[in-house]
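>>> what follows is a protein structure lacking sequence information:
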């Protein structure tokens, strides 16, 4: 079963050991190029990130990506991306397997977490780490299940409401996304919709956006995210249109909040099965978002 980065995090106070002067450990911000090493770690851990997620994600908050190093050797990572003055999201919390048990995760956390300031911070944790994050001030909000498999194809063309995303849709889609996500992330949405290898479809009813979805190549198969829609019928049409664009033999994965029963029904109806389980947690009150429209989150690393 794939594990999320928090499965290997080190925020336990008892595990912390301050590095000595002879092996100075420093935490600095990371460039997009630097972050490719972290993506390789994530791939080795079978988290299956999208192949080029960093190009869309890093510009959202370039100061929010942190690496722990000794000299030129990268040992740990954490992203804490400020989406707005009120909301941030934490991911990629990881220590290289050769250097765990030395307190480097906690040292990285302590250096990076202040970047969020007073914002509410969200993250997705494996159940085994839930108690750890509670001690750090996080409260569980809901579970998220990752579904995967080779989706069944309905064999019928998408309805006319499903259209390829063009530049003319971008502003309206950013506005729709804001109804489904806790912050305005217009710049990210534009990059995500237009990134090389990403395929995006919108559901347009009576000239208005009623949903959208993106499928992208991952290190194994493809991942759908986000998938937002006003109705189960729109979500189904978008899902089918997206999966129709990839090889029928390819696996497809998506992450669904547990309360979204209609989304789980869609995944199982298309033959996908749960493959892993995480817990969405927040510091402070859960932010406002239109949960009923969420059929798949963008990514466990991105929120």
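Okay, I see it. Quantities reported herein were computed from a predicted structural model and do not represent experimental measurements.
>>> low pLDDT regions in the stretch 101-250 of the chain?
Along the stretch 101-250 of the chain, the model assigns pLDDT under 70 to no residue.
>>> all the strands of this structure, in order from the start?
Using DSSP state E, the strands found in the chain span residues 26-29, 65-70, 73-82, 87-95, 120-125, 138-149, 162-164, 199-205, 208-217, 222-229, 252-257, 273-283, 294-296.
>>> okay, these in a markdown table with distance to residue 182 and mean neighbour count next?
Where you see a C-beta, it was placed from the backbone N, CA and C, and this is true even at glycine. Output for these, formatted as a markdown table (distance: least, Cβ to Cβ, whole Å; neighbours: other Cβ atoms under 10 Å):
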| stretch | distance to residue 182 | mean neighbour count |
| --- | --- | --- |
| strand 26-29 | 24 | 14 |
| strand 65-70 | 20 | 22 |
| strand 73-82 | 12 | 23 |
| strand 87-95 | 5 | 27 |
| strand 120-125 | 8 | 24 |
| strand 138-149 | 11 | 19 |
| strand 162-164 | 27 | 16 |
| strand 199-205 | 21 | 21 |
| strand 208-217 | 17 | 23 |
| strand 222-229 | 13 | 27 |
| strand 252-257 | 13 | 24 |
| strand 273-283 | 9 | 19 |
| strand 294-296 | 11 | 27 |
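>>> can you redo the ones you listed as CSV with distance to residue 42?
Below are the strands of the chain laid out as CSV (distance: least, Cβ to Cβ, whole Å):
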stretch, distance to residue 42
strand 26-29, 18
strand 65-70, 13
strand 73-82, 9
strand 87-95, 7
strand 120-125, 13
strand 138-149, 14
strand 162-164, 30
strand 199-205, 22
strand 208-217, 15
strand 222-229, 13
strand 252-257, 14
strand 273-283, 14
strand 294-296, 19
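>>> which of the ones you listed sits closest to residue 187?
strand 73-82 (11.8 Å; Cβ to Cβ).
>>> so that closest one versus strand 65-70, what angle?
Using axes from the mean of the first three to the mean of the last three Cα atoms, to 10 degrees, one finds that strand 73-82 and strand 65-70 are set 160 degrees apart in direction.
>>> what's strand 73-82 packed up against?
helix 32-44, strand 65-70, strand 87-95, helix 104-112 (3 or more Cβ pairs under 8 Å, 6 or more residues apart in numbering; DSSP states H and E).
>>> pull out the buried residues from the last one.
Across helix 104-112, burial judged by 16 or more other Cβ atoms under 10 Å covers 104, 105, 106, 107, 108, 109, 111, 112.
>>> got a list of what the fifth one touches?
Counting by Cβ atoms under 8 Å, 6 or more residues apart in numbering, residue 108 touches 27, 66, 68, 76, 77, 78, 93, 95.
>>> against residue 61, how distant is it?
Per Cβ to Cβ, to the nearest Å, residue 108 is found 17 Å from residue 61.
>>> swap in residue 109?
Counting by Cβ to Cβ - residue 109 and residue 61 are separated by 17 Å.
>>> the residue lying closest to residue 231 once chain neighbours are set aside: what's it in contact with?
Spatial nearest neighbour of residue 231, chain neighbours left out: residue 210 (7.3 Å); criterion: Cβ to Cβ, 6 or more residues apart in numbering. Neighbouring residues of residue 210 by Cβ under 8 Å, 6+ apart: 161, 203, 204, 229, 230, 231, 234.
>>> out of these, which two sit at the greatest distance?
Greatest spacing in these, by Cβ to Cβ: 204 and 231 (13.3 Å).
>>> for burial, what's the neighbour tally of the residue lying closest to residue 192 once chain neighbours are set aside?
Once flanking residues are discounted, residue 192 sits nearest to residue 56: 4.8 Å by Cβ to Cβ, 6+ apart. Residue 56 is flanked by 22 other residues according to other Cβ atoms under 10 Å.
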